[in-house]
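1. Using only what follows, build the 3D model:
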Amino acid sequence: MISFVVPAYNEEQLLGATLAALHAAAGAAGEPYEVIVADDGSTDATALVAQQHRALVVSVMHRQIAATRNAGAHAAQGEWLIFVDADTLVNEAVVRAAVHALRGGAAGGGAALAFDGGVPLYARLFLPLFVWAFRTARLAAGCYLFCTRAAFEAVGGFDEHYFGAEELVLSRALKREGPFVVLRQAVTTSGRKLRTYSGLEILAMMARFALRGTRAIRQRQGMELWYGPRRQDPHQTVQRQE
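-> Okay, here's the model as predicted:
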């Protein structure tokens with residue numbers, strides 16, 4: 001059985017579409033599955049949206065993505081785990097490809113990705129290089145990572161020392177347990193961070209990470225892109241007006 005694990009914090013606006021896509025993709029793929037939403041202290045209707053879309057809600061108060069992902073995985077019953085971000089849409093092809101890889105002996109893997117809506121030019125130009133680099137290095141982007149439960153437990157799950165890049169740490173660990181594949185099939189994830197933070201702000205964060213190394217992602221401070229107050233996404237505003 002597949003266990004889809006969706007970490008969420010104040011995701012009432014996008015979570016419904018994510019869960020609907022999961023149900024549609026898994027149903028079309030013909031695999032038994034469950035959907036788990038790890039609700040990390042949301043103050044909006046995230047939990048209600050999850051329940052309305054037939055998801056098991058695991059309530060935690062971590063405000064730390066690795067710990068929240070682990071909480072969802074600990075509640076899962078399936079032998080295959082697929083971690084999907086709350087702002088990411090999957091499809092039948094990427095679910096089938098993940099299952100095929102796992103049945104073929106892979107310990108884990110990731111997928112290619114595309115952004116929803118419009119994103120800045122630098123992001124559009126950088127995306128193909130990003131996808132190529134992750135496939136070449138065999139690393140999963142955080143919006144879609146899959147693995148066997150056995151491999152996940154063998155490496156101790158997501159490393160909770162990290163407030164970001166936890167998917168890269170887990171990708172490297174899973175390689176010790178077996179093949180790790182990055183699928184050519186893509187998921188569609190939100191480009192809201194790229195739309196709501198300027199290129200200079202993102203560049204400053206990247207420079208801080210480069211200068212401080214892993215110390216920069218072992219604390220919440222300086223990780224505003226992931227833990228800062230949610231900024232209004234103009235793409236979502238247009239969708240609501242339509």
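
2. Contact partners for the closest residue to residue 197 other than its chain neighbours?
-> In space, residue 197 comes closest to residue 225 once its chain neighbours are excluded; the distance is 6.3 Å by C-beta to C-beta, 6 or more residues apart in numbering. (Glycine included, C-beta is placed from N, CA and C.) For residue 225, the residues meeting the contact criterion (C-beta atoms under 8 Å, 6 or more residues apart in numbering) are 193, 197, 201, 202, 205.

3. now do residue 108
-> 140, 145-148, 151-152, 170-171, 174, 177-178, 180.

4. Can you tell me which of the residues you listed is nearest residue 20?
-> residue 146 (19.7 Å; C-beta to C-beta).

5. Give me the phi and psi for the closest one.
-> phi -130, psi 150 (degrees, to the nearest 10).

6. all strands for this protein, in order.
-> Counting by DSSP state E, the segments of the chain that form strands are 2-8, 33-40, 56-60, 80-84, 88-89, 108-115, 144-148, 180-189.

7. just so I know, which of those lies nearest residue 17?
-> It's strand 88-89; of the strands of the chain, that one is closest to residue 17 (C-beta to C-beta) at 6.4 Å.

8. Run the chain-centre distance for that closest one.
-> 9 Å (C-alpha atoms, centre = their mean, to the nearest Å).

9. Direction included, what does that strand pair up with?
-> If you go by DSSP bridges, strand 88-89 pairs up with strand 180-189 (antiparallel).

10. Might you report the residue contacts of residue 116?
-> Per C-beta under 8 Å, 6+ apart, neighbours of residue 116: 89, 188, 189, 190, 191, 235.

11. rerun that using 6 Å as the cut-off
-> By C-beta atoms under 6 Å, 6 or more residues apart in numbering, the contact list for residue 116 reads 188, 190, 191.

12. follow-up on the earlier one: for the residue nearest to residue 197, give its distance to residue 89.
-> Distance, residue 225 to residue 89, by C-beta to C-beta, to the nearest Å: 21 Å.

13. for the residue most central in space within the chain, what are its contacts?
-> With distances taken as C-alpha atoms, centre = their mean, residue 143 lies nearest the centre of the chain, 2.4 Å away. By C-beta under 6 Å, 6+ apart, the contact list for residue 143 reads 85, 88, 189.

14. what about burial for those residues, which qualify?
-> Buried members of the contacts of residue 143, scored by 16 or more other C-beta atoms under 10 Å, are 85, 88, 189.

15. Return the member of these nearest to residue 11.
-> Looking at these and their distance to residue 11, the nearest is residue 85, at 9.0 Å (C-beta to C-beta).

16. Just give the closest residue to that closest one, not the sequence neighbours.
-> For residue 85, the spatially nearest residue (C-beta to C-beta, 6+ apart) is residue 143, at 4.2 Å.

17. out of the contacts of residue 108, which is most surrounded?
-> residue 147 (31 neighbours; other C-beta atoms under 10 Å).

18. Any figure for the gap between it and residue 137?
-> Taken as C-beta to C-beta, the span from residue 147 to residue 137 is 17 Å.

19. same deal with residue 58?
-> Distance of residue 58 to residue 137, computed by C-beta to C-beta: 31 Å.

20. quick one: which of those two has more around it?
-> Neighbour totals were compared for residue 58 and residue 137, and residue 58 leads with 22 against 12 (other C-beta under 10 Å).

21. quick revisit: would you mind putting the contacts of residue 143 into CSV with pLDDT alongside?
-> Below are those laid out as CSV (pLDDT from 0 to 100):
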residue, pLDDT
85, 98
88, 98
189, 96
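
22. any idea which of those residues is closest to residue 76?
-> Closest approach to residue 76 among these (C-beta to C-beta): residue 85, at 16.3 Å.
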